[in-house]
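Peer 1: What shape does this take:
(2 chains)
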Amino acid sequence: MILIKRCTKYFHRGSVNEVLALNDISLQIQNGDFITVIGSNGAGKSTLLNALAGTFTLDSGDISIGDKTVTKWPEYKRARLLARVFQDPLLGTCPSASIEQNMALALRRGKKRGLGPGVRSRDRELFRRELQKIGLGLEQRLQDGVGLLSGGQRQALTMVMATLVRPEVLLLDEHIAALDPKTAAQILSLTSDIVASQELTTLMITHNMKHAIEYGNRLIMLHQGRVILDVKGAEKANLSVNDLLQQFYRVQGEELANDSMLLT
Amino acid sequence: MTIYAALGALEQGLVYGIMVIGVYLTFRILDFPDLTVDGSLPLGASVSAVAITSGLNPYLSLLFALLAGFLAGAVTAILNTKFKILHLLASILTMIALYSINIRIMGGPNIALIGSATVFDPIIGLGVPPHLASLVVFGICAVLVMSVVIWFLRTEFGQAVLATGDNPQMIISQGVNTHLIIIVGVGISNGLVALSGALIAQNQGAADVGMGIGTIIAGLASVIVGETVFGSASIARAIIAALLGSVVYRLAIALALGLELGGFAFSPSDLNLITALLVIGALIAPNIKKKMLAQ
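Peer 2: Numbering: from 1, shown residues only, chains lettered A, B, ... in the order given. As a prediction, this is how the structure comes out:
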């Protein structure tokens, strides 16, 4: 179980650009939850995932993953427990290294790295098997440089790498947003397959309301650094895109009302 | 160019080649422009010279030089990673600090090693003519260092070093403490530079606090010349190119210094100008080649 307990994060605190990115947010995530995260720009979606990943230190609050309180753990240490796929397909892989070198780096996520060979021949079988599942023919190209691959191929490789060692949590930060529609659909179905087969606890940010409803067992909507909607199971399955849009307009309407109050 | 000048250039190219491999590690692999080397080259020379004059085995003195260089590099990297000082500035700070430290180590601006034991003695003892002994030692050391570095970069740790320079966000998400990698990487780089300095001091019979001036420029020039002439398709090839680039660079310098055009000849003080022209040439050569091929 993952516990996010009353977390608050300001950016540029004390300056004119001060932003309250997470506003006393709390969230309880069960093992095996596949949560889709939606919200308008600046709602705090990426900040929430980054808070879990340890990209910055919180101003207050606590985060625990399983039985470990990770609030003070640096980013690299938390990588033992969680894996990430970013929006930018270039961020997840090393361009000058080969496919097998990248996978070997991922195979040792969170483990000691010594003076043994970087790529072991006995691991190649595993790499081929895992790459075969995504059906892009990458298993034939283990020695090819990753810089030669397309954005979609790189993102598919990143997905495989993220789950090569089973993470306690998988964080997907709009990981299909930078891809063309066809590739995006492929990566999304790959994601769904991997999450289901490994029963991964997953948080997936998306801007696509349809995807948010279709995938996962739970949906949360963020607004101004708080959770304003949290639906699960059957209730989530019965949601329509319209319901979500109305919810969006409702909070945005409030915002306008507040602004007009300030101005008058 | 006489055969002696050519042999001399080859010898210099090999011994400075160890330094160039060090510069390659920071400049290209870690993407960490590091000027510490101007201080860690004489640091290695000082440590080795003091060790030898106090009666230590010359080979063992190389190990101490390597360790001293590692520490100097680690200081630069710690200033950068833990205290957020810009890498360039951090390395300049360590470099100027080393100027004073080197004089402290030697108890003066230089130490003579004439008549002291050196790493060349056992080779000469085997019957190698003295003027070739340094070539043999430098050749063995350079090839050894090159092979160890290529092996190292293929290990799990080495792969993490490569990834740190390539895509830091990726390798942090794979659970690697990039600060540690940078500290070890810049440390190893300066260890190699110091080793190179120690060998040079033993060869020229003295360690001098001023012998490091221009090290980084010579190092970068050699890296760039090596990449242009020998390519950098793989890491192994790039490391070999760095070493060979150093040899080509020293040969080019020797050639230029031996050049006489009517009444004009270069003097050693023109070295910086020649180096600058050489680097400019190596940097624009690929572009010119591309344009020529396109036409």
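Peer 1: what about the strands in chain B?
Peer 2: Ranges of strands in chain B, per DSSP state E, are B:110-112, B:206-208, B:260-261, B:264-265.
Peer 1: Just name the most buried of those strands.
Peer 2: strand B:206-208 (a mean of 22; mean count of other C-beta atoms under 10 Å in any protein chain shown). C-beta coordinates here come from the backbone N, C-alpha and C atoms, glycine included.
Peer 1: Parallel or antiparallel, list what pairs with that one.
Peer 2: strand B:110-112 (antiparallel) (DSSP bridges).
Peer 1: can you map out the helices along chain A?
Peer 2: A:45-53, A:75-78, A:99-107, A:121-134, A:151-162, A:181-198, A:209-214, A:233-237, A:241-263 (DSSP state H).
Peer 1: Minimum distance to residue B:99: which of those helices has it?
Peer 2: helix A:75-78 (35.4 Å; C-beta to C-beta).
Peer 1: Can you read off the pLDDT for residue B:278?
Peer 2: Each residue has a pLDDT score; the one for residue B:278 is 85.
Peer 1: Against chain A, how distant is it?
Peer 2: Note on residue B:278: its distance to chain A, by C-beta to the nearest C-beta, to the nearest Å, is 26 Å.
Peer 1: likewise residue B:38?
Peer 2: Distance, residue B:38 to chain A, using C-beta to the nearest C-beta: 28 Å.
Peer 1: ok, that residue to residue B:211 distance?
Peer 2: Counting by C-beta to C-beta, to the nearest Å, the gap from residue B:38 to residue B:211 is 10 Å.
Peer 1: on that earlier part again, in TSV, list the helices of chain A along with distance to chain B and mean neighbour count.
Peer 2: Shown next, in TSV, are the helices of chain A (distance: least, C-beta to the nearest C-beta, whole Å; neighbours: other C-beta atoms under 10 Å in any protein chain shown):
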stretch	distance to chain B	mean neighbour count
helix A:45-53	8	23
helix A:75-78	5	19
helix A:99-107	5	24
helix A:121-134	11	14
helix A:151-162	8	23
helix A:181-198	17	16
helix A:209-214	23	18
helix A:233-237	29	11
helix A:241-263	30	11
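Peer 1: okay, those helices in CSV with mean pLDDT and distance to residue A:62 next?
Peer 2: Output for these, formatted as CSV (pLDDT from 0 to 100; distance: least, C-beta to C-beta, whole Å):
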stretch, mean pLDDT, distance to residue A:62
helix A:45-53, 96, 11
helix A:75-78, 96, 14
helix A:99-107, 97, 29
helix A:121-134, 94, 35
helix A:151-162, 95, 25
helix A:181-198, 93, 26
helix A:209-214, 92, 27
helix A:233-237, 89, 27
helix A:241-263, 71, 27
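Peer 1: Dump these into CSV; add distance to residue B:244 as well.
Peer 2: What follows is these, written out as CSV (distance: least, C-beta to C-beta, whole Å):
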stretch, distance to residue B:244
helix A:45-53, 43
helix A:75-78, 36
helix A:99-107, 25
helix A:121-134, 30
helix A:151-162, 33
helix A:181-198, 43
helix A:209-214, 54
helix A:233-237, 63
helix A:241-263, 63
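Peer 1: between those, which one is nearest to residue B:102?
Peer 2: Distance to residue B:102, taken as C-beta to C-beta, is lowest for helix A:75-78 among the helices of chain A, at 35.6 Å.
Peer 1: follow-up on the earlier one: between residue B:38 and residue B:211, who's got more neighbours?
Peer 2: The residue with more neighbours, out of residue B:38 and residue B:211, is residue B:38; 24 against 21, by other C-beta atoms under 10 Å in any protein chain shown.
Peer 1: circling back: of all the helices of chain A, which lies closest to residue B:31?
Peer 2: Comparison of the helices of chain A against residue B:31 by C-beta to C-beta identifies helix A:99-107 as nearest, at 17.4 Å.
Peer 1: Return the alpha-carbon coordinates of the closest one using CSV.
Peer 2: This file holds the C-alpha atoms of helix A:99-107, laid out as CSV (Å, rounded to 0.1, in the frame of the first residue of the first chain):
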residue,chain,number,x,y,z
ILE,A,99,19.3,-1.9,-26.8
GLU,A,100,20.9,-4.7,-24.7
GLN,A,101,23.1,-2.2,-22.8
ASN,A,102,20.0,-0.2,-21.9
MET,A,103,18.1,-3.3,-20.8
ALA,A,104,21.1,-4.4,-18.7
LEU,A,105,21.1,-1.0,-17.0
ALA,A,106,17.4,-1.5,-16.2
LEU,A,107,17.9,-5.0,-15.1
